[in-house]
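Student: Quick one: sequence and predicted model below, then my questions.
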Amino acid sequence: MGEELKIIDRATGKEINITPEGSLGLLALGDIAVKPWREMRKASGYEKELLDRVAKFKEDVERKKAELKRKREQKANEQKNS
């Protein structure tokens, strides 16, 4: 990230870290905190990791749907043949 942004909590005087996961506090600060957060996500590889997890989850859901469909068809065939 080219420009470092330091956000200080006025109540405690401590610096707030910007992490790839983010926080509601960063969102509440608006554009000034969201832009560096997005840059950090991309630079850290977190965004790609998150997209990979979503893709894997989607594949798992599709596989489970296919299994359920196959089981329903198998059950329907068994009932027909009985």
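Tutor: It's in.
Student: any idea where the strands of this protein begin and end?
Tutor: Along the chain, the stretches classed as strands by DSSP state E are 7-8, 15-16.
Student: For the most centrally placed residue in the chain, give me the pLDDT.
Tutor: The residue lying closest to the centre of the chain (C-alpha atoms, centre = their mean) is Leu50, at 4.8 Å. With respect to pLDDT, Leu50 has a value of 89.
Student: Specify the helix with the largest residue count in this structure.
Tutor: Ranked by residue count and defined by DSSP state H, the top helix of the chain is helix 46-81.
Student: how about it: buried residues?
Tutor: By neighbour count with 16 or more other C-beta atoms under 10 Å, helix 46-81 contains no buried residues. Quick note: C-beta positions are derived from backbone N, CA and C, even for glycine.
Student: how about the strands of the chain in JSON lines, adding mean pLDDT?
Tutor: Output for the strands of the chain, formatted as JSON lines (pLDDT from 0 to 100):
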{"stretch": "strand 7-8", "mean pLDDT": "78"}
{"stretch": "strand 15-16", "mean pLDDT": "80"}
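Student: returning to what we had before: and the gap between the residue nearest to the centre of the chain and Lys69?
Tutor: Between Leu50 and Lys69 the computed distance is 29 Å (C-beta to C-beta, to the nearest Å).
Student: Could you do Lys48 as well?
Tutor: The value you get for Lys48 to Lys69, if C-beta to C-beta is used, is 32 Å.
Student: How about Ser44?
Tutor: 39 Å.
Student: so where's the protein uncertain?
Tutor: 1-5 (pLDDT under 70).
Student: if we go to 50?
Tutor: 1-2 (pLDDT under 50).
Student: Next, count neighbours for Ser23.
Tutor: For Ser23, the neighbour count with other C-beta atoms under 10 Å is 14.
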